[in-house]
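Trainee: Fold the stuff below for me.
(chains A, B, C and D)
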There are 2 protein chains.
Amino acid sequence: MIKQNILVAVDDVIFTIINDKLEVLLVKRWVEPFKWQWAIPGGFVLDNESLDEAAYRELKEETNISDVYLEQLYTFGDPNRDPRGHVVAVSYLALTPREKVSLKAGSDAQEAKFFPINKLPKLAFDHKDIIKLALERLRGKLTYSNIAKFLLPEKFTLTQLQKVYEIILERELDTRNFRKKIEKLWIIEPTWEKEVGVNHRPALLYKFKHDKLVYLHEFL
Amino acid sequence: MIKQNILVAVDDVIFTIINDKLEVLLVKRWVEPFKWQWAIPGGFVLDNESLDEAAYRELKEETNISDVYLEQLYTFGDPNRDPRGHVVAVSYLALTPREKVSLKAGSDAQEAKFFPINKLPKLAFDHKDIIKLALERLRGKLTYSNIAKFLLPEKFTLTQLQKVYEIILERELDTRNFRKKIEKLWIIEPTWEKEVGVNHRPALLYKFKHDKLVYLHEFL
DNA sequence: CTAATAGTGTCTCTGAGACACTATCTA
DNA sequence: TAGATAGTGTCTCAGAGACACTATTAG
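Mentor: The predicted model follows:
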């Protein structure tokens, strides 16, 4: 076998929606390089784990998570992207509803925080590019898959669903047209339960029909 | 720095159109594992080259190529995909027009051959999955980008262009509707030259307006 | 009954797809 | 002039988007 001087890492772009904003999880680095700068969570792949497993492990090291969607994004392999040497980084997009994620109180007191995607601090490595790519992927899939599912609680109102689309696409949508379209796509169904504890007409709660990611043209 | 027992390789799915069929380049392996089986071209990344460079280098080792489109596809990292050990493979999609590719007479007499994608032999590793993925990517991009450019010569007729779409999508298209659509997309322009040497009405030759890949919604 | 949000239908315009004939060139 | 392929227009139908009012609940 040949000898190679390259390391393999994974990096996770973890998105969630908090207070009507799309936010991404960043951790403050406490080792060189880029010490004290913010970065997306990540780390080296273990010898006998798959890339998906590594991405999931890194995610759990930063957050207590009960449910998450993970998808490989792109692999960055420029020999100069890490000053320590040649590190190939396999990036992942992770989505989770706000309710199902909480940050770990790190034993090493590592700081981790969600930042709105339009108020990011200076980032280590090429992590700014990675987040940009993740956002583009998410925007793209929003229109031809049920990916919004992974940012919402099990049961949700149509208004909540529409809001997810508006936040990510960064434009307002017409309520009537939005509902017509969603209905035809046939990806959600009513639970016949109603919202409780609101001081106005309560909305019907819906849920997604499919647990995993599905592409919409399979339905049409 | 940590110590890792993982190697990084690149694999190229090289598509071209030959005799109205989409074909992929395969090489016969002459070393273990999978000795004497067909595989897509690939190899280990060098310490100081980027992944794109490695993909391009592997491609040139098999073919004399004057022009090629290269795009990263997906990274496969299951620890068991290679019996020799943990090899992370970054796969690439490569497209080239038939005229611009010729196979090298390998000094080590390595056999390399184009196979129609629906008549593939048994393949080494997970290369069947990689080719499947490459084909899906190509099909997808066909409808929302000018990717067909990279399978055609500089100047081409509308019939040739339509044929590329029909071959890859595996269905016949209506000539009038196809032309209306292409015209509106505004991605090709007539050269005002005509086809020569045909025994029927010669067609106008067109060329793509853009040299690199462009996505269509940027135009609408 | 007021405040607040849920929920719904119609019209217009544009794009997709079905479909058949005339034009131009070579031999 | 025969053979072969290039090149073109219309109609219908479906989906997208603009747009405003009524329904239901809590307090």
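
Trainee: number of nearby residues for the nearest residue to A:Gln72 once chain neighbours are set aside?
Mentor: Spatial nearest neighbour of A:Gln72, excluding adjacent residues (Cβ to Cβ, 6 or more residues apart in numbering or on different chains): A:Tyr92 at 5.7 Å. To be clear about C-beta, it is placed using only N, CA and C from the backbone, and glycine gets the same treatment. Other residues near A:Tyr92 number 27, with proximity taken as other Cβ atoms under 10 Å in any protein chain shown.

Trainee: and A:Tyr92, what pLDDT?
Mentor: pLDDT recorded at A:Tyr92 is 98.

Trainee: Verify the contact between it and A:Ala9 for me.
Mentor: No. Between A:Tyr92 and A:Ala9 there is no contact under Cβ atoms under 8 Å: 11.1 Å.

Trainee: Spell out which parts of chain A neighbour DNA strand C.
Mentor: Proximity of chain A to DNA strand C (Cβ under 7 Å from any atom of the strand) is limited to residues A:157-159, A:175-177, A:179-180, A:198-204.

Trainee: Among these, name the buried ones.
Mentor: Using 16 or more other Cβ atoms under 10 Å in any protein chain shown as the burial test, the residues of chain A next to DNA strand C include A:Thr157, A:Leu158 as buried.

Trainee: give me the subset of the residues of chain A next to DNA strand C touching DNA strand D.
Mentor: A:Thr175, A:Arg176, A:Asn177, A:Val198, A:Asn199, A:His200, A:Arg201, A:Pro202.

Trainee: List just the nearest of these to chain B.
Mentor: A:Asn177 (18.6 Å; Cβ to the nearest Cβ).

Trainee: got a list of contacts for the helix or strand harbouring the closest one?
Mentor: Assessed by DSSP states H and E, A:Asn177 sits inside helix A:175-185. The contact list for helix A:175-185, computed with Cβ atoms under 8 Å, 6 or more residues apart in numbering or on different chains, reads A:Leu158, A:Thr159, A:Leu161, A:Gln162, A:Tyr165, A:Ile188, A:Leu216, A:Phe219.

Trainee: same thing but at 7 Å, please
Mentor: The contact list for helix A:175-185, computed with Cβ atoms under 7 Å, 6 or more residues apart in numbering or on different chains, reads A:Leu158, A:Leu161, A:Gln162, A:Ile188, A:Leu216, A:Phe219.

Trainee: Pick the one among the residues you listed closest to chain B.
Mentor: Checking the contacts of helix A:175-185 against chain B by Cβ to the nearest Cβ gives A:Leu216 as the nearest, at 13.2 Å.

Trainee: Find the nearest non-adjacent residue to A:Val87, please.
Mentor: Per Cβ to Cβ, 6+ apart, closest to A:Val87 is A:Leu7, 4.9 Å.

Trainee: burial measure for the one you found, as a count.
Mentor: 20.
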